[in-house]
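# sharing a model prediction with you, sequence too.
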Amino acid sequence: MRIRSLWSRHRCKVLIVTPWYGGANGGVAISTESLAGALVRRGVGVLVAVLDRRDGKRFERGRHGELLLGLTSYGPEVRRLGVKGRLGYYRRALESGLTVAYVVVRYGVRIVHFQYAVPGFTPIQAWLRILHVPFIVTFHGSDVHQAALGSEAARRIDSLIRSANLVTAISDGLLRDLEKRSPHARGTTHVVPNGIPIDIWDSAADPDLCAKRDIDVLFVGNLRFVKGPDFLVEAFRVLISLRPSTSLVFVGSGDMDEQLRLRVREAGLEAHVIFAGRVGRTDIADYYRRARVLAVPSRAEGFSLVAAEAQLFGVPVVATAVGGLPQTVCDGQTGTLVPFGDTAAFVAAFCGLLDDEGQWVRASNRARTWAREHFSPDVMAARFDDLYDRVLQTAQRSVEADVKVSAPDSTGSTNMLDS
């Protein structure tokens with residue numbers, strides 16, 4: 001009864017379907033929650049379906065007033081696991097499909113938005129086709145490259161692209177990669193950069209952003225190979241020989257944690273490097289306030305949310321010129337972009353900002369202005385809401401055209417048969 005009363009008061013324009021949502025579950029989870037919260041602030045009814053939630057909560061209300069439900073939906077590849085895998089796939093496909101159908105019909109969902117492409121969306125996609133509900137797909141980065149061409153997963157993702165009413169990517173670079181991988185996506189694609197999470201955005205309204213800048217170089221993110229923390233340690237080893245008092249803080253954790261600590265010990269950098277581990281979202285803002293420069297040494301990056309966040313707090317960024325970073329950081333204005341692996345260029349960029357206070361102040365001021373103009377969560381929500389409306393209008397015109405074509409003429413025949 002409680003669930004019924006909670007949901008009966010809510011009409012949903014959009015159902016967002018995502019593998020991960022909110023908290024400290026990575027960039028996709030954070031940006032998806034940011035979009036949902038900003039849409040709610042805009043007055044849009046939002047329901048979020050999170051795949052494979054294991055916390056036992058089927059329905060609940062999210063932090064921003066959005067409605068959440070859990071789904072378990074497998075990609076078709078599990079059918080290869082024998083009879084058990086095949087039965088599990090069809091059972092979950094039926095359960096998730098019926099749940100989506102119920103939500104769509106009862107709560108007035110008009111459009112579905114898939115965040116990050118995974119094969120587990122396949123059964124849901126099939127049900128949306130039956131229900132005649134339009135959907136869009138947003139690619140975030142590794143989902144463009146993760147499935148080997150010709151694999152079952154790649155075929156399912158291509159099917160998702162072909163069936164989508166509209167496809168978006170979070171950066172120009174990622175969109176180019178997507179269109180190269182799936183040429184049939186051209187003509188239905190748009191770039192919508194991620195917005196800064198609402199809690200981070202609101203906390204940056206504090207005018208006292210520069211009370212204590214005691215961290216020279218800050219890294220925020222997963223300590224994984226793709227993020228390039230090993231390259232940063234090597235560059236810092238050179239930097240410390242030029243600036244012996246420089247400090248470096250790693251915020252985050254990952255499978256390279258022990259390897260990085262070992263490298264730091266072997267280089268004799270323990271007095272200068274701190275591993276802060278994973279911190280809560282509310283604490284990240286404090287690290288941005290303390291930092292002078294943010295390092296983003298990634299080998300690949302769809303869109304660097306931490307670079308956008310840091311710039312909002314007036315932190316210039318030194319980053320590699322890969323993926324969506326040239327769209328996130330304004331080279332020579334809000335920071336510096338260098339080729340990955342160019343240690344000398346990376347170190348020179350750090351020295352330029354750390355040794356020249358005038359250059360740092362100018363870059364800091366530009367960074368905050370740039371972030372406020374380009375990465376507002378409300379602007380992101382407005383752009384998606386506009387895209388939802390475009391898709392819905394196009395879908396409505398298509399339905400009206402189908403009805404007109406199939407309607408009988410004065411002789412009793414249908415236009416379709418006469419054509």
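Cool, the structure landed.
# which SSE is Ser241 in?
Here Ser241, judged by DSSP states H and E, is contained in helix 229-242.
# what's downstream of that helix, the next helix or strand?
For helix 229-242, the following helix or strand on the C-terminal side (DSSP H and E) is strand 248-251.
# any idea of the mean pLDDT for the following helix or strand past that next one?
Proceeding N to C from strand 248-251, the next assigned helix or strand is helix 257-266, under DSSP H and E. Throughout helix 257-266, pLDDT has a mean value of 95.
# how big is the angle separating helix 257-266 from helix 229-242?
Relative orientation of helix 257-266 and helix 229-242, computed by axes from the mean of the first three to the mean of the last three C-alpha atoms, to 10 degrees: 20 degrees.
# run the chain-centre distance for helix 257-266.
Centroid separation for helix 257-266 versus its chain: 29 Å, with C-alpha atoms, centre = their mean, to the nearest Å.
# CA atoms of the very next helix or strand once past it as CSV?
Next in sequence after helix 257-266, counting helices and strands by DSSP H and E, comes strand 273-277. Taking Å, rounded to 0.1, in the frame of the first residue of the first chain, the C-alpha atoms of strand 273-277 are listed here in CSV:
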residue,chain,number,x,y,z
VAL,A,273,52.8,11.7,-2.1
ILE,A,274,49.6,10.9,-0.2
PHE,A,275,47.1,8.2,-1.1
ALA,A,276,43.8,9.4,0.4
GLY,A,277,41.8,6.4,-0.9
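# and Ser398, what's its pLDDT?
Reading off the model, Ser398 has pLDDT 69.
# just the strands in this protein please.
Listed in chain order, the strands of the chain (DSSP state E) span 14-18, 46-51, 59-61, 67-71, 111-115, 135-139, 166-169, 189-191, 215-220, 248-251, 273-277, 291-296, 317-320, 335-338.
# coming back round to it: so which elements touch the helix holding Ser241?
Here helix 229-242 touches strand 215-220, strand 248-251, helix 257-266, helix 343-355, going by 3 or more C-beta pairs under 8 Å, 6 or more residues apart in numbering; DSSP states H and E. (Each C-beta comes from the backbone N, C-alpha and C, glycine too.)
# show me the shaky parts of the stretch 1-150 of the chain.
Judged by pLDDT under 70, the stretch 1-150 of the chain has its weakly predicted residues at 1-10, 24-25, 53-58, 73-86, 88-89, 146-150.
# what about Val293, how many residues nearby?
26 (other C-beta atoms under 10 Å).
# still on that earlier bit, now the strands of the chain as a markdown table including distance to Ile200?
Shown next, in a markdown table, are the strands of the chain (distance: least, C-beta to C-beta, whole Å):
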| stretch | distance to Ile200 |
| --- | --- |
| strand 14-18 | 19 |
| strand 46-51 | 19 |
| strand 59-61 | 21 |
| strand 67-71 | 21 |
| strand 111-115 | 19 |
| strand 135-139 | 20 |
| strand 166-169 | 22 |
| strand 189-191 | 22 |
| strand 215-220 | 11 |
| strand 248-251 | 13 |
| strand 273-277 | 17 |
| strand 291-296 | 13 |
| strand 317-320 | 15 |
| strand 335-338 | 18 |
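# neighbours of Leu94, how many?
Counted with other C-beta under 10 Å, residues neighbouring Leu94 total 12.
# just the one 3 residues further on next, same as before
For Gly97, the count of nearby residues is 20 (other C-beta under 10 Å).
# CA atoms only: put stretch 356-373 into PDB for me.
Taking Å, rounded to 0.1, in the frame of the first residue of the first chain, the C-alpha atoms of stretch 356-373 are listed here in PDB:
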ATOM      1  CA  ASP A 356      53.900  31.700 -12.000                       C
ATOM      2  CA  GLU A 357      51.200  33.000  -9.700                       C
ATOM      3  CA  GLY A 358      49.900  35.400 -12.300                       C
ATOM      4  CA  GLN A 359      49.400  32.600 -14.800                       C
ATOM      5  CA  TRP A 360      47.700  30.500 -12.100                       C
ATOM      6  CA  VAL A 361      45.300  33.200 -11.100                       C
ATOM      7  CA  ARG A 362      44.300  33.900 -14.700                       C
ATOM      8  CA  ALA A 363      43.900  30.200 -15.500                       C
ATOM      9  CA  SER A 364      41.900  29.700 -12.200                       C
ATOM     10  CA  ASN A 365      39.500  32.600 -13.000                       C
ATOM     11  CA  ARG A 366      39.000  31.300 -16.600                       C
ATOM     12  CA  ALA A 367      38.500  27.800 -15.400                       C
ATOM     13  CA  ARG A 368      35.600  28.700 -13.100                       C
ATOM     14  CA  THR A 369      33.900  30.800 -15.800                       C
ATOM     15  CA  TRP A 370      34.400  28.100 -18.400                       C
ATOM     16  CA  ALA A 371      32.900  25.400 -16.100                       C
ATOM     17  CA  ARG A 372      29.900  27.500 -15.200                       C
ATOM     18  CA  GLU A 373      29.100  28.300 -18.800                       C
END
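# need the contact partners of that stretch.
196, 204, 209-210, 292, 308-317, 330, 333-335, 352-354 (C-beta atoms under 8 Å, 6 or more residues apart in numbering).
# which residues touch Asp230?
Residues near Asp230 by C-beta under 8 Å, 6+ apart: Met256, Gln259, Leu260, Arg263.
# quick check: closest non-adjacent residue to the last one.
Spelled out, that is Arg263. The shortest distance from Arg263 to any residue other than its chain neighbours is 5.1 Å, reached at Val233 (C-beta to C-beta, 6 or more residues apart in numbering).
# how many neighbouring residues does the residue nearest to Ala267 when sequence neighbours are not counted have?
Computed as C-beta to C-beta, 6+ apart, the closest residue to Ala267 that is not its neighbour in sequence is Arg237, at 5.0 Å. Other residues within reach of Arg237, judged by other C-beta under 10 Å, total 19.
# what subset of the contacts of Asp230 is buried?
Among the contacts of Asp230, the ones that count as buried by 16 or more other C-beta atoms under 10 Å are Met256, Leu260, Arg263.
# could you pull up phi and psi at the closest residue to the first one other than its chain neighbours?
Yep, that's Met256 we're talking about. Sequence neighbours aside, Leu223 is the residue nearest to Met256 in space, at 4.5 Å (criterion: C-beta to C-beta, 6+ apart). Leu223 adopts backbone torsions of phi -80, psi 70, taken as degrees, to the nearest 10.
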